[in-house]
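Participant: One predicted model, sequence on top.
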Amino acid sequence: MAPKMAVRMLGTLALSGGLSLIGIGATGTMTSTATSVALHARRTVKTRVTAAWPITAIAAGSNGKGYLVAAEDGGIFNFGGAAFEGNTYTDGLTGLSGAHPLNAPIVGMAAEPGGTGYWLVAKDGGVFNFGGAKFAGSTYSYGITGLSGAHPLNAPIVGMAAEPGGAGYWLVAKDGGVFNFGGAKFAGSTYSYGITGLSGAHPLNAPIVGIIPTPNGGGYWLIAADGGVFDFGNAKFFGSTYSQGYTGLGGSHPINGRIVGGVATPSGNGYWLVSSTGAVYNFGGAANEGDTASKGYTGLGGSHPLPAPIVSIAADSAGTGYWLAGSDGSVYNFGSAPYSGDVPSLPTPGGSGQNNNTVTNTQAPNVSSPNVNTSQQSPPPGSLLNPTTNIAPNPNYYSSCTSAVDGGQSANSVACEQSAVAALNSGRADQGLPAMSLPNNFYQLPAIDQLFVLVNEERVSRGLVPVYGLANSLNALAAQGSSANTDPPISQSTFSTGPWALGLYANWAEDFSTAGSMYDWMYNDGWGGAGNTSNLACTSPTSSGCWGHRANVLVGNSSGYTPVMGAASINESSLGGWRGFESDATVLTEVANSELHSVSYSYTWAQAVAAGADPQT
């Protein structure tokens, strides 16, 4: 009977806007024909995944039942009695990457009052309508050209609100500018108060983060990140966090986190504000029904931190309860607002596992055409699809690498790496791809450079944009995970360490070599049967963790951005483990093209191509 080698793969999801979701995990074994493996008992291979797009908004169902949450890529998830009416994918867009990406991430959502539809708004002012929600215009309708071009927005759009009669909506920008559409009446902006936006003679103390309409549509409140509240029209001022003795984002008594959203009571006699740490501040007739601290959470740190920052709040129809949404899609209910599920509880996040929550993209009428990246070559048919089953390594590098270790060598020896590279080429051939054209010095490169090259070889042969280079600061982040035999510690603060944008995608593995880690991520990441599945996040044939590592290698890029990454590789012997294994970690993200050269790199794709790697573009 063939001996078995234990393999573990776990998952970490970090998303722009600040998300760290940890916990996709499982345990399994991988059958090995290397009889000498038994000499080393049960060896462990671990892999972690970081991926996808953060949740940005939650809205109560327009029929008074359930709630909807929206993601940056335009995905919609419906819970309870809230009806799914489509998302940006169902309109033919491809999220924030792919052939027909959004011009900009989705930043807000509003349900059609009394109807069955909803609107999404993007950072550039594009509006997408679904179900019975009627399109009434976008900032492009005003002749504004999004975030760039001849007539760009003064500041990005950060939120939207529906006119209570369903006849229109308002959009609000980060600088306090307000745009009204359809039957939604303009009642003023922060500029009406003599404030000069985000700069100038009289700037805002903190950026605007949202807009709250009054029940009859005769006015609205704008809320700022420091807890400031600005009232317009018939909206009555009930106070701000400053009224409660707080000193904004600094000072002697700062608020707990940053304000990220707000919602009014159904009668308009008060409102709630919520912070990124889950703290709720109530004003007027809005009763405090609790916050995440009342559920035992300790904000974004401490002994029992939230899995991700809070990003939005929605009130139930009774006005005696509300929901908070985290950027990982977690939903927290308070008062009379019932819990009906959340994104982490779905069987297939981002898929069609519940209530038709298909991650899809749609463009509303009169919205400018999405940017299309046409610089990438067409991939071979099916090469971007997951294999139908795990592909057995040929040659069996597990055996070759174990033999090399028994011969006195450590992990990632040339003989072991060559065997794993051959297995990679065999797996690629199974998907109609040619053998990799590696740099002529590949086997002499540091392990992290090898990981980088292998990631790009798998990307460019499938028509994806190559990762530009290994960013030194991301290498350091990857090393933290590698040295701890765990995921790189991705959190909201990661986005403040560099010009990182949109998402963070991290893989981790304990394997024989860099090519071995890549093989398990790309071709052995699915369900292999009970006791024979190397991906520990893949706990069943339909588990959402299956092929998650592969998805992170092959993540697309957004228009105007270029992928960059970090990598780390440490021999397990230095961590108290077996010298035949190494701990490999990668972190991939994106950088705006305008900031690409502000980053310090240890190795670039241009260097690899100069040494013989095939750019395939």
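Facilitator: Noted; the coordinates are in hand.

Participant: where exactly do the helices run in the protein?
Facilitator: 397-406, 414-430, 447-460, 472-483, 514-523, 548-553, 605-610 (DSSP state H).

Participant: Just give the number of residues close to Q409.
Facilitator: 16 (other Cβ atoms under 10 Å). Where you see a C-beta, it was placed from the backbone N, CA and C, and this is true even at glycine.

Participant: so what's G612 closest to, chain neighbours aside?
Facilitator: With sequence-adjacent residues excluded and distances taken as Cβ to Cβ, 6 or more residues apart in numbering, G612 is closest to N440, at 4.3 Å.

Participant: before we move on, what about P266?
Facilitator: Nearest one to P266, counting by Cβ to Cβ, 6+ apart, is G319 at 4.3 Å.

Participant: ok, the residue nearest to G612 - how many residues close by?
Facilitator: N440: 10 neighbours (other Cβ under 10 Å).

Participant: What of G114?
Facilitator: 12.

Participant: E163 is in contact with that one, correct?
Facilitator: No. With contact defined as Cβ atoms under 8 Å, G114 does not count as touching E163 (11.5 Å).

Participant: Tell me how many other residues crowd Y397.
Facilitator: What Y397 shows, counting by other Cβ under 10 Å, is a neighbour count of 27.

Participant: quick one: low-confidence ranges for this protein?
Facilitator: 1-52, 63-64, 346-382, 491-493, 502, 544, 615-617 (pLDDT under 70).

Participant: Which stretches in the stretch 501-617 of the chain count as strands?
Facilitator: 561-571, 582-592, 601-604 (DSSP state E, counting those that start in this stretch).

Participant: Can you add mean neighbour count and distance to Y281 and give those strands back as JSON lines?
Facilitator: Below are these laid out as JSON lines (neighbours: other Cβ atoms under 10 Å; distance: least, Cβ to Cβ, whole Å):
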{"stretch": "strand 561-571", "mean neighbour count": "24", "distance to Y281": "35"}
{"stretch": "strand 582-592", "mean neighbour count": "28", "distance to Y281": "33"}
{"stretch": "strand 601-604", "mean neighbour count": "19", "distance to Y281": "43"}
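
Participant: So for G301, which of the ones you listed sits nearest?
Facilitator: strand 582-592 (21.0 Å; Cβ to Cβ).

Participant: Tell me which strands that closest one pairs with, and in which orientation.
Facilitator: Strand partners for strand 582-592, identified by DSSP bridges, are recorded as strand 500-511 (antiparallel), strand 561-571 (antiparallel).

Participant: And the longest one, how far out from the chain middle?
Facilitator: Between the centre of strand 500-511 and the centre of its host chain there is 11 Å, according to Cα atoms, centre = their mean, to the nearest Å.

Participant: what's the angle from it to helix 472-483?
Facilitator: Calculated by axes from the mean of the first three to the mean of the last three Cα atoms, to 10 degrees, strand 500-511 forms an angle of 30 degrees with helix 472-483.

Participant: ok and strand 500-511 relative to helix 514-523, angle-wise?
Facilitator: 110 degrees.

Participant: can you give me the strands for the stretch 301-450 of the chain?
Facilitator: 310-315, 321-326, 331-335, 361.

Participant: Now do the contacts for N180.
Facilitator: G168, Y169, W170, F186 (Cβ atoms under 8 Å, 6 or more residues apart in numbering).

Participant: hmm, try it at 7 Å
Facilitator: Shown in contact with N180 (Cβ atoms under 7 Å, 6 or more residues apart in numbering): G168, W170, F186.

Participant: what are the ranges of the strands in the stretch 151-300 of the chain?
Facilitator: Counting by DSSP E, counting those that start in this stretch, the strands of the stretch 151-300 of the chain are 157-162, 168-173, 178-182, 208-213, 219-224, 229-233, 259-264, 270-275, 280-284.

Participant: okay, those in TSV with distance to S62 next?
Facilitator: Output for those, formatted as TSV (distance: least, Cβ to Cβ, whole Å):
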stretch	distance to S62
strand 157-162	9
strand 168-173	13
strand 178-182	16
strand 208-213	14
strand 219-224	19
strand 229-233	23
strand 259-264	15
strand 270-275	20
strand 280-284	23
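
Participant: Of these, which is nearest L554?
Facilitator: If we rank the strands of the stretch 151-300 of the chain by Cβ to Cβ, the stretch that ends up nearest is strand 157-162, at 30.2 Å.

Participant: Report the buried residues of that closest one.
Facilitator: I157, V158, G159, M160, A161, A162 (16 or more other Cβ atoms under 10 Å).

Participant: could those go into CSV alongside distance to N552?
Facilitator: What follows is those, written out as CSV (distance: Cβ to Cβ, whole Å):
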residue, distance to N552
I157, 29
V158, 28
G159, 30
M160, 31
A161, 35
A162, 36
